[in-house]
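> A predicted structure for the sequence below; I have some questions about it.
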Amino acid sequence: MLDKDRISLKEFRQYIFYPVYPVSNLKDLKNKQMSESFPFWRRNGLMPFIPKGKHNVEISFAQVIWLRILDHLRALGYGVSDTAQLCDRLFKDAYLEELPKKRIKYHYDRLREKELAQTINEDERETLLRLSQMLEDSILLYGLKFEINFLTDLIIWCLDNNQEAGILVFPGGICMKRLGEEIHPLGNTSPDPAAPHIYLSIFYFLKEFIQSEDLGLIRIPGLLNENEKKVLAALNSKNISELTIKLSGGEVVRVDSKHFKQISGDDAKRIRLAIGLGQYEEVTLSVRGADSITFQKLKKSIYSGSPGK
């Protein structure tokens, strides 16, 4: 597909769950009509979202991606029974775990915290109200269980975070999920990520639909250099108080970060006694090595007496 025929990232987000893609346009890796494989996939429980006999329907972008995954797994020789197990992990488990409700509740709780802290704006307040209504709508939540699953979860995460997401598929339908640089279990098993597996890149499948200019915003872990990885790791750190990036000729040549950690309670008392803070009210702590810590006293309290006394 030519780039001019692809859609923008905004349009993809808008229609990700809508039935807008004609099944008749789908060709498999052998350039045959993908609908020819539908009866086989349906018999093996791999295609729960297209009714039997309805091949001239339209499906969502998310459903197209799943069909692409099926086609690639078949081409790579991945077993049908194993693929059925993978399908259960992505769709059935999400259904049973009420994933849509969990996701809505997560965003509701975050906005509710902002409301209680009185830091919420009007747009967020309106969103909070809509989320509250959604949580009370049992019919809506039931319908969403057929649309939102662990595959769509990965697609949305990839787009929201501008980072690669993917699925690591092991023998037996066992799988893990990649979120940027991190890899997490997907299901009740946790295999060794280094074990031989098939990797299904969400970024790769998005290339079929989204214009390359918009896709260029997504960071692919394997394509990042060490300095770029360091920048991303620093940005993801919650205790970074200051980040300095030095560029030379448009390239990152150095990344410096300052961490802030508040020491309080009994730990603070022990440190004050150990280093004899006395009249000093602020110190800088530097870790020089595995066995040494340096304290630099920065500020001294103002004496109540006259200067020079």
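Ah, there it is. Residues are numbered from 1 along each chain as shown.
> residue 60 reaches residue 16, doesn't it?
Yes. Residue 60 is within contact range of residue 16, at 6.4 Å (criterion: CB atoms under 8 Å). C-beta: built from backbone N, CA, C; applies to glycine.
> distance check, residue 65 against residue 152.
Residue 65 sits 9 Å away from residue 152, going by CB to CB, to the nearest Å.
> which residue ranges of this protein form helices?
9-15, 38-43, 61-75, 80-87, 93-96, 99-116, 122-136, 138-144, 150-161, 202-206, 212-215, 226-236, 265-275 (DSSP state H).
> nearest to residue 26, of those?
helix 61-75 (6.6 Å; CB to CB).
> put the alpha carbons of the closest one into PDB.
Taking C-alpha atoms only, helix 61-75 is exported to PDB below (Å, rounded to 0.1, in the frame of the first residue of the first chain):
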ATOM      1  CA  PHE A  61      -8.400  -2.200  12.200                       C
ATOM      2  CA  ALA A  62      -7.700  -4.100  15.500                       C
ATOM      3  CA  GLN A  63      -9.400  -7.200  14.000                       C
ATOM      4  CA  VAL A  64      -7.400  -6.900  10.800                       C
ATOM      5  CA  ILE A  65      -4.200  -7.000  12.900                       C
ATOM      6  CA  TRP A  66      -5.200 -10.200  14.500                       C
ATOM      7  CA  LEU A  67      -5.900 -11.800  11.100                       C
ATOM      8  CA  ARG A  68      -2.400 -10.700  10.000                       C
ATOM      9  CA  ILE A  69      -1.000 -12.300  13.100                       C
ATOM     10  CA  LEU A  70      -2.800 -15.600  12.300                       C
ATOM     11  CA  ASP A  71      -1.400 -15.500   8.700                       C
ATOM     12  CA  HIS A  72       2.200 -14.900   9.900                       C
ATOM     13  CA  LEU A  73       2.000 -17.600  12.600                       C
ATOM     14  CA  ARG A  74       0.800 -20.100  10.000                       C
ATOM     15  CA  ALA A  75       3.600 -19.100   7.600                       C
END
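> got a list of what the closest residue to residue 80 other than its chain neighbours touches?
Excluding its sequence neighbours, the residue lying closest to residue 80 (CB to CB, 6 or more residues apart in numbering) is residue 44, at 5.3 Å. Residue 44 makes contact with 80-81, 83-84 under the criterion CB atoms under 8 Å, 6 or more residues apart in numbering.
> now those as CSV including neighbour count?
Formatted as CSV, the contacts of residue 44 follow (neighbours: other CB atoms under 10 Å):
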residue, neighbour count
80, 15
81, 10
83, 20
84, 15
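> so which of these is the closest to residue 246?
Using CB to CB, residue 83 comes nearest to residue 246 of the contacts of residue 44, at 48.3 Å.
> for the spatially closest residue to the closest one that is not a sequence neighbour, give me the pLDDT.
With CB to CB, 6+ apart as the criterion, residue 83 has its nearest non-adjacent residue at 5.4 Å, and that residue is residue 73. Note on residue 73: pLDDT of 97.
> do you know how far residue 73 is from residue 196?
15 Å.
> more neighbours, the two?
The residue with more neighbours, out of residue 73 and residue 196, is residue 73; 19 against 7, by other CB atoms under 10 Å.
> does that one really touch residue 84, like I thought?
No. With contact defined as CB under 8 Å, residue 73 does not count as touching residue 84 (10.9 Å).
> what's the neighbour count on residue 244?
The number of residues packed near residue 244 is 10, by other CB under 10 Å.
> how far away is it from residue 151?
39 Å.
> what comes up buried for stretch 42-61?
46-47, 50, 55, 59-61 (16 or more other CB atoms under 10 Å).
> now swap in stretch 133-150 and tell me
Neighbour-count burial for stretch 133-150 flags 134, 141, 144-145, 148-150 (criterion: 16+ other CB under 10 Å).
> closest to residue 185 out of these?
For the buried residues of stretch 133-150, the nearest to residue 185 is residue 150 (11.4 Å; CB to CB).
> I figured the closest one hits residue 184, correct?
No. Counting by CB under 8 Å, residue 150 sits too far from residue 184 to count as a contact (11.0 Å).
> quick one on the thing from earlier: can I get the buried residues of stretch 42-61 in JSON lines with pLDDT and distance to residue 91?
Shown next, in JSON lines, are the buried residues of stretch 42-61 (pLDDT from 0 to 100; distance: CB to CB, whole Å):
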{"residue": "46", "pLDDT": "94", "distance to residue 91": "10"}
{"residue": "47", "pLDDT": "87", "distance to residue 91": "10"}
{"residue": "50", "pLDDT": "70", "distance to residue 91": "13"}
{"residue": "55", "pLDDT": "58", "distance to residue 91": "21"}
{"residue": "59", "pLDDT": "89", "distance to residue 91": "14"}
{"residue": "60", "pLDDT": "91", "distance to residue 91": "13"}
{"residue": "61", "pLDDT": "92", "distance to residue 91": "16"}
